[in-house]
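In: Below are the sequence and a predicted model for it; my questions follow.
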Amino acid sequence: MSDSHVHVVGTGTIGEPLIGLLCRMREPLGIETISFHKETARLEDRAKVRALIGRGALLAAHPEEAKKFRDMGMDVSFSVEDALGEAAVVIDCTPVGNENKEKVYRDRPNVKGFIAQGSEFGFGKPYARGINDHVLKEKSDRFLQVVSCNTHNISVILRTLAFANGEKPANLKEGRFLCMRRANDISQDGSFIPGPQAGTHGDPLFGTHHARDAWHLFKTLDLDLNLFSSAIKLNTQYMHTLWFHLMVEDPTSVEALISQIEANRRVAVTYKKSSNAVFSFGRDHGHFGRILSQAVIPVRSLVVRDEREIIGFCYTPQDGNSLLSSVAAATWFLHPEEVNDRLDCLKPFMFQEV
């Protein structure tokens, strides 16, 4: 095993930019080797795979697929088994992380830590950078679930606006959220819809998984929050948008809320009105088009009603908050005493104004 080998499983909307980010920041993050597993050799993916290899990542494939990759002009450096045997950290960016945990990951004592993404509820301790870092425990927390991008957004809104950046966690009385989700990523050909598509409330207590996952995230801090979320899918490919309504104990004002936002390095403000304008900024100035800020708040949407109702909108960066937390979690597994200093390299992509 290499003490600083990170292996990424999957090259989709999170995996591909994550591999690129790790390669770009390899030295400050203290990573020696970055490998990635792609399941199937396909001509339409060859340019992407070659670009990632060109950045310094090493392709891992199953033996039966390795020849196909090579025949298509893609260099294979590892078998999947050898990559897992060498890895210190494994980041699963597939929708089958829980299945892989049971079939592949569980009996690998050489790996310091495994990280799965937001859809994989139950994979391990829920985690979001800046929310519950201090409850991570070395050795016992080998499996972490980086919560979804919308759950990140809900959580950072709660911490910033209702908790006064963590100083008053008992201040929240209730939080209600509407997640207006993009139909699909611009990289995806399928799943686009012709018009708004209302979601269902599958959880009688929390509504959708977004509030449920946020509740579990804050439960790691021994907080039992009153949260409920709804979701609707919109016919856009740009960004998710969150509407929030928070009831708090202490009186507040828009001016106080803006001060709290400005005090949080991981939250951006914007005076733009539309998600496409925010998305365009990320395309021009982000990493792989991603803003790594955890939330982008259009400040003109903020309103305080009767001093204790906080209402507003927030844009969810295009998977950027999940990327930030995935890199933070991997760095914690590798260098637990140096996380904050090593993550300074990501600050250029964590904007405070968009």
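Out: Everything's here; your move.

In: can we go C-alpha only for contacts and neighbour counts from here?
Out: OK.

In: Can you tell me how far Gly113 is from Glu81?
Out: Distance check for Gly113 against Glu81: by Cα to Cα, to the nearest Å, it reads 16 Å.

In: Compare neighbour counts for the two and give me the winner.
Out: Gly113 (26 against 13; other Cα atoms under 10 Å).

In: buried residues in stretch 239-252?
Out: Met239, His240, Thr241, Leu242, Trp243, Phe244, His245, Leu246, Met247, Val248, Thr252 (16 or more other Cα atoms under 10 Å).

In: Can you give me the neighbour number for the nearest residue to the third one once chain neighbours are set aside?
Out: Which is Thr241. Nearest non-adjacent residue to Thr241, counting by Cα to Cα, 6 or more residues apart in numbering: Tyr315, 4.5 Å away. Neighbours of Tyr315 under the rule other Cα under 10 Å: 26.

In: Confirm that Tyr315 sits in a strand.
Out: Yes - counting by DSSP: H, G, I helix; E, B strand; the rest coil, one finds Tyr315 located in a strand.

In: who does the strand ranked longest in the chain pair up with?
Out: Looking across the chain with DSSP state E, the single longest strand is strand 172-182. The partner list of strand 172-182 in its sheet, established with DSSP bridges, is strand 227-234 (parallel), strand 240-248 (antiparallel).

In: Any stretches of the stretch 101-250 of the chain with poor pLDDT?
Out: Nowhere does the stretch 101-250 of the chain drop to pLDDT under 70.

In: residue ranges for the helices of it, please.
Out: 149-157, 209-219 (DSSP state H, counting those that start in this stretch).

In: got a markdown table for the buried residues of stretch 239-252, with distance to Ser140 too?
Out: Output for the buried residues of stretch 239-252, formatted as a markdown table (distance: Cα to Cα, whole Å):
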| residue | distance to Ser140 |
| --- | --- |
| Met239 | 36 |
| His240 | 34 |
| Thr241 | 35 |
| Leu242 | 34 |
| Trp243 | 36 |
| Phe244 | 35 |
| His245 | 36 |
| Leu246 | 34 |
| Met247 | 36 |
| Val248 | 35 |
| Thr252 | 40 |
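
In: Tell me which helix or strand comes right after the lengthiest helix in the chain.
Out: Identified as the longest helix of the chain according to DSSP state H is helix 320-334. Counting by DSSP states H and E, the next helix or strand C-terminal to helix 320-334 is helix 339-342.

In: Which segments of this protein make up each domain?
Out: 5-147+322-342, 149-320 (automatic domain parsing).

In: so which of those domains comes closest to Val354?
Out: domain 149-320 (5.0 Å; Cα to Cα).

In: ok now the closest one, how far from the chain's centre?
Out: With Cα atoms, centre = their mean, to the nearest Å as the basis, domain 149-320 stands 13 Å off its chain's centre.

In: One more: stretch 45-58?
Out: Offset of stretch 45-58 from its chain centre (Cα atoms, centre = their mean): 22 Å.

In: what does stretch 127-142 give?
Out: With Cα atoms, centre = their mean as the basis, stretch 127-142 stands 15 Å off its chain's centre.

In: closest one to Pro204 among the strands paired with strand 172-182?
Out: Smallest distance to Pro204 across these (Cα to Cα): 9.3 Å, for strand 227-234.

In: The closest one relative to helix 209-219, how many degrees between them?
Out: 140 degrees (axes from the mean of the first three to the mean of the last three Cα atoms, to 10 degrees).
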